[in-house]
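Participant: Take a look and give me a structure for this.
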Amino acid sequence: MLFYIGASVLITLSVYCWLGIKGAYSKGEVLPFRVSAAIWILDTLHLILVSLASLNSVWELRFNETVAFISGLALIGIGLAILLIGMIQFRSLRRISGMHSARLIATGIYRWSRNPQYLGWFICLLGISLIGRSGLAFLLTFMLIIGIHLYNIWLEEPYLERVLGKEYLEYKSRTARYVGMPRKSNNVRN
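Facilitator: Next comes the predicted model:
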């Protein structure tokens with residue numbers, strides 16, 4: 001019963017956040033505090049649901065328990081490292097929360113990924129899901145990955161193109177969305 005309540009709140013918050021982000025970005029504005037706070041709550045609730053599903057091995061998958069545990073811990077460590085490096089490079093909780101976007105960061109880990117914070121978060125959640133060998137935890141994680149991917153394509157990238165212009169288009173043409181080798185680019189592609 002608690003899971004169904006959590007899932008209902010997760011869906012409701014997701015819709016609220018999507019509409020709030022879309023509204024702010026369509027006006028060329030940064031996220032208002034209420035939307036940013038809702039995103040943090042949404043992410044926390046999602047983490048709790050994935051963790052609970054994993055701890056209880058909901059829809060248990062048949063993996064070797066030891067291999068799943070060690071591999072899951074490794075993924076969590078790698079994911080946390082990527083996530084924290086990306087967050088530290090932003091140097092501002094307001095930037096991390098989408099409430100400030102005046103300057104493009106394209107150095108350090110951002111040379112290899114336009115979204116290292118998302119990438120790190122995805123890897124962490126996959127590690128948690130693997131440790132619990134939970135099909136439900138994997139499903140929740142993959143739903144988040146798809147949602148964030150669509151958010152990147154439909155909302156965030158068009159917003160950054162409008163706000164940061166040619167600088168972002170050039171960055172986008174040489175840097176992978178999630179992970180990849182930096183490319184040399186002399187011309188801007190749409």
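Participant: Buried ones in the worst-scoring helix or strand of the chain on mean pLDDT, by neighbour count?
Facilitator: Lowest by mean pLDDT, DSSP states H and E among the helices and strands of the chain is helix 93-96, with a mean of 83. The neighbour-count check on helix 93-96 (16 or more other Cβ atoms under 10 Å) flags Arg95, Ile96 as buried. The C-beta positions use only the backbone N, C-alpha and C, and glycine is treated the same way.
Participant: So which elements touch the very next helix or strand once past it?
Facilitator: Per DSSP states H and E, the first helix or strand lying C-terminal to helix 93-96 is helix 116-132. With contacts taken as 3 or more Cβ pairs under 8 Å, 6 or more residues apart in numbering; DSSP states H and E, helix 116-132 sits against helix 33-55, helix 65-90, helix 135-151.
Participant: Give me the angle between helix 116-132 and helix 135-151.
Facilitator: Counting by axes from the mean of the first three to the mean of the last three Cα atoms, to 10 degrees, helix 116-132 points 170 degrees away from the direction of helix 135-151.
Participant: Grab the nearest non-local neighbour of the spatially most central residue of the chain.
Facilitator: Central residue of the chain (Cα atoms, centre = their mean): Tyr118, 2.9 Å from the mean position. In space, and not counting its chain neighbours, Tyr118 is closest to Ile148: 5.4 Å by Cβ to Cβ, 6 or more residues apart in numbering.
Participant: Would you mind measuring from the one you found to Lys166?
Facilitator: The span separating Ile148 from Lys166 equals 26 Å under the rule Cβ to Cβ, to the nearest Å.
Participant: So which of the two has more stuff around it?
Facilitator: Each of Ile148 and Lys166 has its neighbours counted (other Cβ atoms under 10 Å); Ile148 has more, 17 against 9.
Participant: isn't the more buried one right next to Leu119, touching?
Facilitator: No - using Cβ atoms under 8 Å, Ile148 is not in contact with Leu119; the gap is 9.8 Å.
Participant: got any ranges where this structure has weak pLDDT?
Facilitator: For the chain, the stretches flagged by pLDDT under 70 are 185-190.
Participant: hmm, try it at 50
Facilitator: Counting by pLDDT under 50, the chain has low-confidence residues at 189-190.
Participant: which residues touch Ser36?
Facilitator: Ser97, Gly98, Met99 (Cβ atoms under 8 Å, 6 or more residues apart in numbering).
Participant: and Leu2, how many neighbours does it have?
Facilitator: Residues near Leu2, counting by other Cβ under 10 Å: 8.
Participant: what's it sitting at in phi/psi?
Facilitator: According to degrees, to the nearest 10, the main-chain angles of Leu2 amount to phi -60, psi -40.
Participant: Roughly how far does it sit from Val9?
Facilitator: Using Cβ to Cβ, we find Leu2 at a distance of 11 Å from Val9.
Participant: With Leu125 instead?
Facilitator: Counting by Cβ to Cβ, the gap from Leu125 to Val9 is 18 Å.
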